[in-house]
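A.B. asks: Sharing a sequence plus its predicted fold:
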There are 2 protein chains.
Amino acid sequence: MSNDDKSTDYQSYLKETSFRKEDFYRQAFIEDCKSTRIKKEKVAIKNLEKIFEATFRICTRKGFQGMTMRDLSMESGLSMGALYSYFATKEELLNTLERVGNYQIGILLNESVAKVKDPLDKLRVYIRTHLYISEMLQPWFFFSYMEAKNLARREREKYIQAELNTEKAIVDALNEGEKKGLVRNRDHQLAASVIKAMIQDWYLKRGKYAKRGTTVEEYAANIIEWIESYYLQTV
Amino acid sequence: MSNDDKSTDYQSYLKETSFRKEDFYRQAFIEDCKSTRIKKEKVAIKNLEKIFEATFRICTRKGFQGMTMRDLSMESGLSMGALYSYFATKEELLNTLERVGNYQIGILLNESVAKVKDPLDKLRVYIRTHLYISEMLQPWFFFSYMEAKNLARREREKYIQAELNTEKAIVDALNEGEKKGLVRNRDHQLAASVIKAMIQDWYLKRGKYAKRGTTVEEYAANIIEWIESYYLQTV
DNA sequence: AGATAAATCGAGCATATGCTCTATTTATCT
DNA sequence: AGATAAATAGAGCATATGCTCGATTTATCT
């Protein structure tokens, strides 16, 4: 297996990445809560963390529609009044969560492959990074996937577009690889779908893999092995 | 590609299978509505069809928790009173849907591989049949996956068990194949997870594949090609 | 046709839920 | 410390929602 990309492990990625969890809440504050009665960023970040984490915990069990604002109040430790000084409506909370996540993740994915030139290495790095990011923000990824259908048309379309961008990144790498004679001629679009399904399974079935002791690095290596078998096989 | 299993296409499968959609509703009537005020099977089947189909339509957009009984009444064309003569509670409807589906699909999957002896062929047939069944009952598969979290503990565990059975069937075939020297030595458990993820993507992203004009047969052939690349490659 | 059984209807009940609004508490500044 | 701004609490309001029940319609039988 020509695994000569200097493959970073998860812990190293966490140290190297520019992302801090705080950024997530700060972004939400700047974009959505600036217009509310909350003035101080520090307070906002502290409480948005409580709200988001509580939302993820509750929705994993009941889904967003099944979560009541009273549930959220209990779980986050904030009163109804406090919650509504951060979000005008329940739907607004959903929108913010989806939007901020998509934005942040877009940045992270782009910064990861920016320096890589070789299309095959680019693909490897992209997959590994995608898995690392989804590991870092697993609750968000799960939530985002499961609740996308509850978004209003506009926001839902953005979600779908983000999904398609992921596929496109993979297809592009494969096309470039084929042009350079590095990979076999295959249906790259279909392959990209399948590869994305593999990536998604990691954060959709996080519990199962945890129980089996599978690590992200192992999972990433495995996906890459599948791809190499499919694409590098001598004809 | 040693594709010498006499691969059935989807239309042929539909003709050959013992399954009729009616069975689905009849099963629900026998197991869950016998104790209700509804006496006549024919009436029950007609209305259960309306109820189930309406549930699928609504829940694709809003999810089960987001669906109100008034929504369901509107969409199914039955009154509130009529609905409640079929199911004691909303939750009961959910349980019935999950249970009956799992039961029926279990039967179909077993009957499909019963005659196949060669482990590799068994795997091919299993995957193809699984995809054909999920194509035939796509709304159920999607619903079942998305709403499993809303089930009570007991029922949810049954759902997870059914998922694991699918994986086990794949692992068993691979183990047997390895023992007979037909496939390479790999992490079969992890491979089975990945294969299942591929299968699930078909019914979770049905819309996307429809838009692209991908057929079930193509999709099945593609998955099998991935597996053969991964497992049959000369070392 | 008349009588009985089966199925359906939908207004109404009790509670749950999204959201508001003022009183109160907490932090910040001079 | 006192005054002001910022943040929070939680009871209360209007509506939505799960479910019931007697009245009514439809099917079946003699």
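C.D. replies: Happy to help now that I have it.
A.B. asks: for chain A, which helix is longest?
C.D. replies: Scanning chain A for the longest helix, with DSSP state H as the assignment, gives helix A:153-179.
A.B. asks: near chain B, anything from it?
C.D. replies: No - figure legend: helix A:153-179 not in contact with chain B (Cβ under 8 Å from any Cβ of the partner chain); closest approach 8.6 Å. Quick note: C-beta positions are derived from backbone N, CA and C, even for glycine.
A.B. asks: by contact count, what packs against that helix?
C.D. replies: Contacts defined by 3 or more Cβ pairs under 8 Å, 6 or more residues apart in numbering or on different chains; DSSP states H and E place helix A:153-179 against helix A:90-113, helix A:119-136, helix A:188-204.
A.B. asks: Flag the shaky bits of chain A, pLDDT-wise.
C.D. replies: Chain A contains residues with pLDDT under 70 at A:1-6, A:33-34, A:234-235.
A.B. asks: What parts of it come near chain B?
C.D. replies: A:60-63, A:65-66, A:146, A:149-150, A:187, A:189-190, A:193-194, A:196-198, A:200-201, A:205, A:208-209, A:212, A:214, A:218-219, A:222-223, A:225-226, A:229-230, A:233.
A.B. asks: again, only this time at 6 Å
C.D. replies: With the criterion set to Cβ under 6 Å from any Cβ of the partner chain, chain A comes near chain B through A:63, A:65-66, A:190, A:194, A:197-198, A:201, A:222, A:226, A:229-230, A:233.
A.B. asks: Those into a markdown table, with extra columns for neighbour count and distance to A:Q104?
C.D. replies: Output for the residues of chain A next to chain B, formatted as a markdown table (neighbours: other Cβ atoms under 10 Å in any protein chain shown; distance: Cβ to Cβ, whole Å):
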| residue | neighbour count | distance to A:Q104 |
| --- | --- | --- |
| A:G63 | 21 | 23 |
| A:Q65 | 19 | 25 |
| A:G66 | 16 | 26 |
| A:L190 | 19 | 29 |
| A:V194 | 23 | 26 |
| A:A197 | 20 | 23 |
| A:M198 | 23 | 23 |
| A:D201 | 21 | 22 |
| A:N222 | 19 | 27 |
| A:W226 | 23 | 28 |
| A:S229 | 20 | 33 |
| A:Y230 | 22 | 31 |
| A:Q233 | 15 | 37 |
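A.B. asks: any chance of those residues in a markdown table, plus distance to B:K158?
C.D. replies: As requested, these are arranged in a markdown table below (distance: Cβ to Cβ, whole Å):
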| residue | distance to B:K158 |
| --- | --- |
| A:G63 | 19 |
| A:Q65 | 23 |
| A:G66 | 20 |
| A:L190 | 33 |
| A:V194 | 29 |
| A:A197 | 25 |
| A:M198 | 26 |
| A:D201 | 21 |
| A:N222 | 29 |
| A:W226 | 30 |
| A:S229 | 35 |
| A:Y230 | 35 |
| A:Q233 | 40 |
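A.B. asks: A:S76 is nearest to which of the helices and strands packed on helix A:153-179?
C.D. replies: Closest of the helices and strands packed on helix A:153-179 to A:S76 is helix A:90-113, at 11.0 Å (criterion: Cβ to Cβ).
A.B. asks: packing partners for the closest one?
C.D. replies: Identification of packing neighbours for helix A:90-113 by 3 or more Cβ pairs under 6 Å, 6 or more residues apart in numbering or on different chains; DSSP states H and E yields helix A:21-28, helix A:119-136, helix A:138-147.
A.B. asks: what's the helix or strand for A:S12?
C.D. replies: helix A:10-16 (DSSP states H and E).
A.B. asks: what's the offset of that helix from the middle of its chain?
C.D. replies: 16 Å (Cα atoms, centre = their mean, to the nearest Å).
A.B. asks: Equivalent analysis for stretch A:99-111, please.
C.D. replies: 8 Å.
A.B. asks: What residues of that stretch count as buried?
C.D. replies: The neighbour-count check on stretch A:99-111 (16 or more other Cβ atoms under 10 Å in any protein chain shown) flags A:R99, A:V100, A:G101, A:N102, A:Q104, A:I105, A:L108, A:L109 as buried.
A.B. asks: can I get those residues in JSON lines with distance to B:A82?
C.D. replies: Converted to JSON lines, the buried residues of stretch A:99-111 look like this (distance: Cβ to Cβ, whole Å):
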{"residue": "A:R99", "distance to B:A82": "42"}
{"residue": "A:V100", "distance to B:A82": "44"}
{"residue": "A:G101", "distance to B:A82": "42"}
{"residue": "A:N102", "distance to B:A82": "43"}
{"residue": "A:Q104", "distance to B:A82": "48"}
{"residue": "A:I105", "distance to B:A82": "47"}
{"residue": "A:L108", "distance to B:A82": "52"}
{"residue": "A:L109", "distance to B:A82": "51"}
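A.B. asks: out of those, who's nearest A:Y86?
C.D. replies: For the buried residues of stretch A:99-111, the nearest to A:Y86 is A:V100 (13.0 Å; Cβ to Cβ).
A.B. asks: quick one: contacts for that closest one?
C.D. replies: Applying Cβ atoms under 6 Å, 6 or more residues apart in numbering or on different chains, we find A:V100 in contact with A:Q27, A:A28.
A.B. asks: ok, now A:N102?
C.D. replies: A:A162.
A.B. asks: if you set the cut-off to 10 Å instead, what comes out?
C.D. replies: A:W140, A:S144, A:E155, A:K158, A:Y159, A:Q161, A:A162, A:E163, A:N165 (Cβ atoms under 10 Å, 6 or more residues apart in numbering or on different chains).
A.B. asks: Smallest gap between chain A and DNA strand D, at which residue?
C.D. replies: A:G81 (2.0 Å; Cβ to the nearest atom of the strand).
A.B. asks: what's the neighbour count on that residue?
C.D. replies: Number of residues near A:G81 (other Cβ atoms under 10 Å in any protein chain shown) recorded here: 8.
A.B. asks: Over to it. Which of the three states is it?
C.D. replies: State at A:G81, reduced to three classes by DSSP: H, G, I helix; E, B strand; the rest coil: helix.
A.B. asks: thinking again about what came up before, quick check: which of the helices and strands packed on helix A:153-179 is nearest to DNA strand C?
C.D. replies: Among those, the nearest to DNA strand C by Cβ to the nearest atom of the strand is helix A:90-113 (3.5 Å).
A.B. asks: Run the chain-centre distance for the closest one.
C.D. replies: That offset, for helix A:90-113, works out to 8 Å (Cα atoms, centre = their mean).
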